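[1] pasting the sequence and the predicted coordinates here, then a few questions.
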Amino acid sequence: MKSPKNPIRLFLMVALASSAYANKAAVELGGVACQTPAPMHCPDTGCPGSVTSQTGSAVEPQTGRTFFLDYPCDLKAGEKVTFILSLHGAGSIGNWHRHYFPLIDFKDKYRLLIATPTSSIVPNSNPPSHVWNAAADDKYLENIVNLVYAQAKEKNIKIKAFWLVGHSQGGLTSNRLVRTDFFKDKVDGFLSLSGGRVGGSPGRGDFGRGPAATAGRGAGRGPATPAALPANDFSFIYETGQHEMDSKGLPETSEWAEKEGCSARTRKADVVDTKPGYVYDGRPQEHPTDAWGRLPRPGTAEVFEYPHCKDGRIVYDVVREDKGHTEGLEPHITEQLVKLMLSAKTEKK
């Protein structure tokens, strides 16, 4: 084939070919056009309520409810991804949580497919308060998971692992969901963000009488976990702020680690952040406390591993020093938690 003599014609031919290849290679999921940075993204500081109050543009067709669906913009057919269903706490909402634990900043680098829904509203609450409820929300969440798996199958995307992530009451809800018939055989891992520790929770700090005491928001006060351990096996990471615990601090043992055949706890290198997280609880505080949380700021996180768990699973505890319940996670500790999640071995059929 002879090369075109006209350099402009040659450029146009290459550009058109590249565009056609890009359109063919890139995958679109759930009818949501991918963007980087992710859409409705907060600025580094001072995120306005008009942004954090959004619920996403993806639609769960059976209920008509919306959610956020974020994924790598250069996702290609045949690629492997980690699927994360990420649940906000009581009194919160999808996009606030999306920035409290900003997985969206790492979706491209670590090939993450993230669904961030918003719970139902507590009846007759004023102002409206979002809280996860089994009767109103479980089917909605199951439908989202089914939708994501169906889209992945249709687009030839391999989901290599599925993690539940939940903050506060979203963590308590995840702890309940992972025991249900629908989720127990699907979930590979569970990350609890101040949402109770499977295998023995620490005592609670003094949360005072801030917004957590408001009707419909009480579950945001570091929920207690069910006494019995789940019967199924999965990797588990517990993250909490130092001030959310009482003076005894984090337990040195874990019943869950024992169940999973892990060795005794060891301390890993601290994670140091020089940048703050995006969000905090900006509502008026009747009695502000360190346990409930202050303004976002840099910090250090302690990381504890229970190594050598059976079948390649992982169990970790993470404590953010001098932090409470509502300061958004900083970038380095967010990335470290993502790395830990991805370090767990899975064997999907």
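    Sure, I can see it. Numbers count the residues shown, from 1 in each chain.

[2] list the buried residues in the helix or strand harbouring His97.
    Taking DSSP states H and E as the criterion, His97 maps to helix 94-100. Across helix 94-100, burial judged by 16 or more other CB atoms under 10 Å covers 94-100. C-beta coordinates here come from the backbone N, C-alpha and C atoms, glycine included.

[3] mind putting those in JSON lines, distance to Asn146 included?
    As requested, these are exported to JSON lines (distance: CB to CB, whole Å):
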{"residue": "Gly94", "distance to Asn146": "19"}
{"residue": "Asn95", "distance to Asn146": "23"}
{"residue": "Trp96", "distance to Asn146": "26"}
{"residue": "His97", "distance to Asn146": "22"}
{"residue": "Arg98", "distance to Asn146": "21"}
{"residue": "His99", "distance to Asn146": "27"}
{"residue": "Tyr100", "distance to Asn146": "26"}
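
[4] nearest to Phe207 among those residues?
    Lowest distance from Phe207 to the buried residues of helix 94-100 (CB to CB) belongs to Tyr100, with 17.2 Å.

[5] where does the stretch 1-150 of the chain have low pLDDT?
    1-25 (pLDDT under 70).

[6] so which residues of it form strands?
    Secondary structure of the stretch 1-150 of the chain (DSSP state E, counting those that start in this stretch): strands at 58-59, 66-70, 80-87, 112-117.

[7] out of those, flag the one nearest Trp163.
    So among the strands of the stretch 1-150 of the chain, strand 80-87 is nearest, using CB to CB, at 4.9 Å.

[8] need phi/psi at Glu60.
    phi -80, psi 110 (degrees, to the nearest 10).

[9] run a quick neighbour tally on the closest residue to it other than its chain neighbours.
    Nearest residue to Glu60, sequence neighbours excluded (CB to CB, 6 or more residues apart in numbering): Asn143, at 5.0 Å. Residues contacting Asn143 under the criterion other CB atoms under 10 Å number 17.

[10] with Gln35 instead?
    Gln35: 12 neighbours (other CB under 10 Å).

[11] spit out the contact partners of it.
    For Gln35, the contact set (CB atoms under 8 Å, 6 or more residues apart in numbering) comprises Cys73.

[12] would you mind measuring from it to Pro123?
    35 Å (CB to CB, to the nearest Å).

[13] will you turn the strands of the stretch 1-150 of the chain into CSV that also has distance to Ile157?
    Conversion of the strands of the stretch 1-150 of the chain to CSV gives the following (distance: least, CB to CB, whole Å):
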stretch, distance to Ile157
strand 58-59, 16
strand 66-70, 13
strand 80-87, 6
strand 112-117, 8
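
[14] and among those, the most buried is which?
    strand 112-117 (a mean of 25; mean count of other CB atoms under 10 Å).

[15] which helices and strands sit right next to that strand?
    Where contact means 3 or more CB pairs under 8 Å, 6 or more residues apart in numbering; DSSP states H and E, strand 112-117 is packed against strand 66-70, strand 80-87, helix 94-100, helix 134-154.

[16] just the C-alphas of the last one, formatted as PDB.
    Read it as helix 134-154. Taking C-alpha atoms only, helix 134-154 is exported to PDB below (Å, rounded to 0.1, in the frame of the first residue of the first chain):
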ATOM      1  CA  ALA A 134     -34.000  -4.100  55.000                       C
ATOM      2  CA  ALA A 135     -37.600  -3.800  53.800                       C
ATOM      3  CA  ALA A 136     -37.100  -0.700  51.700                       C
ATOM      4  CA  ASP A 137     -33.500  -1.100  50.500                       C
ATOM      5  CA  ASP A 138     -32.400  -4.800  50.300                       C
ATOM      6  CA  LYS A 139     -34.100  -5.500  47.000                       C
ATOM      7  CA  TYR A 140     -32.700  -2.200  45.500                       C
ATOM      8  CA  LEU A 141     -29.200  -3.200  46.500                       C
ATOM      9  CA  GLU A 142     -29.600  -6.700  45.200                       C
ATOM     10  CA  ASN A 143     -30.900  -5.300  41.900                       C
ATOM     11  CA  ILE A 144     -27.800  -3.100  41.600                       C
ATOM     12  CA  VAL A 145     -25.500  -6.000  42.100                       C
ATOM     13  CA  ASN A 146     -27.500  -8.100  39.500                       C
ATOM     14  CA  LEU A 147     -27.300  -5.100  37.100                       C
ATOM     15  CA  VAL A 148     -23.600  -4.700  37.500                       C
ATOM     16  CA  TYR A 149     -22.900  -8.500  37.000                       C
ATOM     17  CA  ALA A 150     -25.200  -8.500  34.000                       C
ATOM     18  CA  GLN A 151     -23.500  -5.500  32.400                       C
ATOM     19  CA  ALA A 152     -20.100  -7.100  33.100                       C
ATOM     20  CA  LYS A 153     -21.200 -10.300  31.400                       C
ATOM     21  CA  GLU A 154     -22.600  -8.400  28.400                       C
END
